[in-house]
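Participant: Give me the fold of what follows.
(one chain, ligands or ions: 2)
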Amino acid sequence: MNGYPIMLDLKDKPVLIAGGGAVAERKAAALLEAGGDVTVVAPSVSPRLREWADRGRIRLAEREAREEDLAGAALFFAATDDAEANRRLAEAARARGVWTNVGTDGEAGDFVTPAVVRRGDLVLAVSASAAGPALAARVARELGQRYGPDYAHAAAVLRAVRRAAKACVGDAAERRRLLAASATDEALAMWREASPDEPPERLVERLRQLPGHAEG
Ligand SMILES: C[C@@]1(CC(=O)O)C2=NC(=C\c3[nH]c(c(CCC(=O)O)c3CC(=O)O)Cc3[nH]c(c(CC(=O)O)c3CCC(=O)O)/C=C3\N/C(=C\2)[C@@H](CCC(=O)O)[C@]3(C)CC(=O)O)/[C@H]1CCC(=O)O
Ligand SMILES: NC(=O)c1ccc[n+]([C@@H]2O[C@H](COP(=O)([O-])OP(=O)(O)OC[C@H]3O[C@@H](n4cnc5c(N)ncnc54)[C@H](O)[C@@H]3O)[C@@H](O)[C@H]2O)c1
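Facilitator: Numbering: from 1, shown residues only. Ligands and ions are numbered 1, 2, ... in the order given. From the prediction side, this is the model:
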């Protein structure tokens with residue numbers, strides 16, 4: 001496996017999960033966080049999945065998954081504890097062109113899910129390419145300690161700063177220099193104290209105060 005990492009926009013995209021246990025619940029939680037339209041099909045489901053269904057956060061069908069359930073799905077997660085059912089469903093999904101994750105055998109699917117730490121717009125995702133999820137989980141935990149919750153605010157300000165630089169700095173070379181300096185430790189310390197709601201001119205002024213930006 002030589003995986004290609006991407007960030008998918010799953011907002012309102014139909015996603016099917018076969019299985020209703022711990023693995024299905026973990027996948028559903030991450031998919032809901034990304035705004036996916038999640039359907040779970042399983043004869044028995046965890047209390048949390050049931051609660052999400054009762055509150056309308058997911059759709060739920062309490063029976064074994066069938067090939068027809070795949071119709072219209074953007075992604076499919078084979079997360080049952082029946083390896084043969086997972087394999088059969090994954091094969092049907094592939095025949096329909098639906099990208100598939102197989103929880104009982106990572107290498108049998110089209111993609112594996114990384115361990116993820118979210119800091120607002122800054123997303124830390126670590127994959128061991130199915131070599132050992134415990135390693136991915138450990139490295140992600142360590143990164144989460146290095147890049148703490150305050151990075152969410154810094155990233156939100158950075159987005160506003162970048163938009164401001166695009167709007168207010170006409171000279172492309174200067175803009176590149178400024179933005180190259182916008183992720184240094186000094187810059188991040190500045191964004192922690194700033195607000196994304198400041199006027200664009202003020203944010204650009206702050207950017208110009210950063211050491212090193214004038215050196216080209
Ligand atoms: C990262 C994470 C994301 C998530 O699922 O959300 C994730 N597994 C996590 C945890 C975890 N899973 C398992 C353990 C027990 C220790 C161990 O067995 O090693 C732990 C550790 C723990 O619980 O800390 C058991 C396990 N996992 C898989 C198999 C089957 C197989 O090996 O093929 C078995 C054996 C089942 C059995 O015993 O039969 C398969 C997959 N698990 C993957 C992802 C994909 C590869 C990702 C990659 O390598 O990058 C892949 C291939 C498919 C997929 O699911 O996408 C999440 C960490 C969340 C976090 O804490 O941050
Ligand atoms: N990928 C991972 O991260 C990971 C982690 C741990 C375990 N696993 C593997 O994933 C499997 C599932 O783990 P779990 O902890 O969620 O198991 P679990 O026993 O908690 O849940 C299994 C679920 O599958 C459902 N199911 C069984 N046959 C089905 C079918 N034909 N259609 C739809 N649903 C069906 C059951 O009703 C149940 O809800 C385990 O067998 C294990 O090998 C994967």
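Participant: Contacts only, for residue 30.
Facilitator: Applying CB atoms under 8 Å, 6 or more residues apart in numbering to residue 30 gives the contacts 113, 116. From N, CA and C alone the C-beta is placed, and that goes for glycine too.
Participant: where does it sit relative to residue 73, distance-wise?
Facilitator: Residue 30 is 16 Å from residue 73, where distance means CB to CB, to the nearest Å.
Participant: Equivalent analysis for residue 41, please.
Facilitator: To residue 73, residue 41 is 11 Å away according to CB to CB.
Participant: Helix or strand for residue 17, just tell me which one.
Facilitator: Assigned by DSSP states H and E, residue 17 belongs to strand 14-18.
Participant: should've said residue 118
Facilitator: Going by DSSP H and E, residue 118 is in strand 115-119.
Participant: who's in contact with that strand?
Facilitator: Against strand 115-119 from outside (CB under 8 Å, 6+ apart): 30, 33, 123-127, 133, 136-137, 139-141, 143-144, 147-149, 151-152, 155.
Participant: Might you specify the subset of those residues located within strands?
Facilitator: Taking DSSP state E, the ones among the contacts of strand 115-119 that sit in strands are 123-126.
Participant: which one is residue 72 nearest to, not counting chain neighbours?
Facilitator: Distance criterion CB to CB, 6 or more residues apart in numbering; nearest residue to residue 72, sequence neighbours excluded, is residue 14 at 5.5 Å.
Participant: Please list all residues in contact with that neighbour.
Facilitator: 36-37, 39, 72-74.
Participant: ok, whichever residue of the chain sits closest to ligand 2 - how many residues close by?
Facilitator: Nearest residue of the chain to ligand 2: residue 21, at 2.0 Å (CB to the nearest ligand atom). Residue 21 is flanked by 16 other residues according to other CB atoms under 10 Å.
Participant: just residue 55 next, same as before
Facilitator: Using other CB under 10 Å, residue 55 has 8 other residues around it.
Participant: what does the one 4 residues further on give?
Facilitator: Neighbourhood size, residue 59 [other CB under 10 Å]: 14.
Participant: If we go by neighbour counts, what in the longest helix anywhere in the chain is buried?
Facilitator: If you go by DSSP state H, the chain has its longest helix at helix 150-168. The neighbour-count check on helix 150-168 (16 or more other CB atoms under 10 Å) flags 151, 153-158, 160-162, 164-165 as buried.
Participant: I appreciate the help and will end here.
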